[in-house]
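Peer 1: Generate a structure from the sequence data that follows.
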Amino acid sequence: MATSLFEKKLKQQIQERLSPATPGVQVQVFQMGKKVCDIELGETFPYYDLASLTKIIFTVQAFMKAFEEKRWDLNSRVQDFCPWFPYENVLIKDCLTHSSGLPWWAPLYQKLDLTTSSLNRWVEGGRIIRGMEVMRSEASVYSDIGFIVLGHVLEAMYSLPLLENWSRLKDDFYSRSTLNFHPENKPPYPIKQYAPTERCSWRNKILQGEVHDDNSWSFGGVAPQAGLFGSVDDVSWYGLLLRSQLRGISKTSIRQKTAQLFSSRARPRGKGDWALGYMMPTPGTASAGSYFSLYSIGHTGFTGTSLWYDPSQDLLVTILSNRVFLGRENKEFASLRPQIHNWVVEGLKRKA
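Peer 2: Reported below is the predicted structural model:
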């Protein structure tokens, strides 16, 4: 397909800032459901570690589905499904909005016996979380631990292991995609097809086709907070599915009313920019740049991934990269990503 003037300009803008930020990047843009941009720069790969995009592609969609099935409501407590969880006032929606008071992260992988089965490690991770202190505050504090708890809740809701929950969700929502976890950290395709993330000091290798997230890897590569791999087409497919749910034209079981509930602001302004599991733009520092409306929803991934959808502009932007290959402390990509979104919006205005 011929490259449009819009794509050529965007490639030029990104290229000038690419090398210090990431080895390569893929960008897709959809306006009113139609693809208007599909570009890649630098060294790119068919499949990427999607990192925390797992939260919205898997976990949030799974809880939307369970909500439709009336398995839980906004007053449901974690303890209703996981009696072992010691804090009776923590709600499921608190974990989705990162307002549970659970720690933002903990090195669970350092406390697990990696010689035991992945199932044993997942169960032991829950036991470790059971001993953590909940420290409530007025403001949301991003918490991977809260999403790990949601994984245990999901298993209890359906009496199914996490991977089986994913398999059923994929059959219903993503059957035509290559989205997948890599159980036991074993990729289904040759590793050269996966973007390498980082040379890991404790795993003693460059991670390629194995999840970068330490805790997810220690659980055997299947987790509610990270672990999915996929292509840029896969992630955009998810974004278009989300769009269809919000517009009431989805063929899935998710009603427009439910999709809109989950995508609406769930925290007071100034206390956290969160819908039910989705990020919302924080004015001045949004990873979606300056032009995406405050009604936008999306998420970022630590490895250098993101998806944002603005229902006001009917605009979807998917970005995949392996920015952590240049070192997890490299902050260049964090400034490039919002700029890409700005260039997209500015370019579309010129195009119009």
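
Peer 1: helix, strand or coil for residue 329?
Peer 2: coil (DSSP: H, G, I helix; E, B strand; the rest coil).

Peer 1: Determine how far the helix or strand containing residue 243 lies from the middle of the whole chain.
Peer 2: In this structure, residue 243 sits in helix 232-247 according to DSSP states H and E. Centroid separation for helix 232-247 versus its chain: 13 Å, with C-alpha atoms, centre = their mean, to the nearest Å.

Peer 1: Leaving out the residues flanking it, which one is nearest to the most centrally placed residue in the chain?
Peer 2: For the chain, the residue sitting closest to the mean C-alpha position, by C-alpha atoms, centre = their mean, is residue 53 at 1.4 Å. What sits nearest to residue 53 in space, not counting adjacent residues and going by C-beta to C-beta, 6 or more residues apart in numbering, is residue 301, at 4.7 Å. Bear in mind the C-beta positions are built from the backbone N, C-alpha and C, glycine included.

Peer 1: same thing with residue 20?
Peer 2: residue 332 (4.6 Å).

Peer 1: Can you get me a residue count around the one you found?
Peer 2: Residues contacting residue 332 under the criterion other C-beta atoms under 10 Å number 15.

Peer 1: Kindly provide the distance from residue 211 to residue 181.
Peer 2: Using C-beta to C-beta, to the nearest Å, we find residue 211 at a distance of 8 Å from residue 181.

Peer 1: buried stuff in stretch 121-138?
Peer 2: By 16 or more other C-beta atoms under 10 Å, the buried positions in stretch 121-138 come out as 121-122, 124-126, 129, 134.

Peer 1: quick one on the thing from earlier: let me see the backbone angles for the residue nearest to residue 53.
Peer 2: With angles defined as degrees, to the nearest 10, residue 301 sits at phi -130, psi 140.

Peer 1: So for the helix ranked longest in the chain, what gets flagged as buried?
Peer 2: Criterion DSSP state H: the longest helix present in the chain is helix 332-351. Residues 333, 336-338, 340-348 are the ones in helix 332-351 that count as buried (16+ other C-beta under 10 Å).

Peer 1: on that earlier part again, could you tell me the per-residue confidence at the residue nearest to residue 20?
Peer 2: What the model reports as pLDDT for residue 332 is 96.

Peer 1: residue contacts, residue 221?
Peer 2: Contacts for residue 221 (C-beta atoms under 8 Å, 6 or more residues apart in numbering) come out as 118, 181-186, 210-211, 227.

Peer 1: Generate a PyMOL selection restricted to the buried entries among those.
Peer 2: Of those, the buried ones go into a single PyMOL selection, burial set by 16+ other C-beta under 10 Å:
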select buried, resi 118+181+182+185+210+211+227
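
Peer 1: right, and residue 211 touches residue 219 too?
Peer 2: No: judged on C-beta atoms under 8 Å, residue 211 makes no contact with residue 219 at a distance of 9.2 Å.

Peer 1: who touches both of these two?
Peer 2: With C-beta under 8 Å, 6+ apart as the test, residue 211 and residue 219 both reach residue 227.

Peer 1: And the helices in the stretch 201-350 of the chain?
Peer 2: In the stretch 201-350 of the chain, the helices defined using DSSP state H, counting those that start in this stretch lie at 214-218, 232-247, 256-263, 332-351.

Peer 1: What helices and strands are in contact with the longest one?
Peer 2: Using 3 or more C-beta pairs under 8 Å, 6 or more residues apart in numbering; DSSP states H and E as the contact criterion, the elements in contact with helix 332-351 are helix 5-18, strand 24-31, strand 34-42, strand 315-321.

Peer 1: got CSV for those, with mean neighbour count and distance to residue 110 too?
Peer 2: Formatted as CSV, the helices and strands packed on helix 332-351 follow (neighbours: other C-beta atoms under 10 Å; distance: least, C-beta to C-beta, whole Å):
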stretch, mean neighbour count, distance to residue 110
helix 5-18, 16, 35
strand 24-31, 22, 32
strand 34-42, 17, 34
strand 315-321, 27, 28
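
Peer 1: Contact partners for the nearest residue to residue 217 once chain neighbours are set aside?
Peer 2: In this structure, residue 217 finds its nearest non-sequential neighbour in residue 211, 5.1 Å apart by C-beta to C-beta, 6+ apart. Contacts for residue 211 (C-beta under 8 Å, 6+ apart) come out as 49, 182, 185, 217, 221, 223, 226-227, 229.

Peer 1: which of these lies closest to residue 169?
Peer 2: Using C-beta to C-beta, residue 227 comes nearest to residue 169 of the contacts of residue 211, at 13.6 Å.

Peer 1: Could you find the closest non-adjacent residue to that closest one?
Peer 2: residue 216 (4.5 Å).

Peer 1: so what's that neighbour up against?
Peer 2: 222-223, 225-227.

Peer 1: quick one: which two of those residues are the most distant?
Peer 2: 222 and 225 (10.8 Å).

Peer 1: Can you pick out the residue with more neighbours from those two?
Peer 2: residue 222 (27 against 24).

Peer 1: any idea how far residue 327 is from the spatially closest residue to the more buried one that is not a sequence neighbour?
Peer 2: In this structure, residue 222 finds its nearest non-sequential neighbour in residue 181, 4.6 Å apart by C-beta to C-beta, 6+ apart. Taking C-beta to C-beta as the measure, residue 181 and residue 327 are separated by 26 Å.
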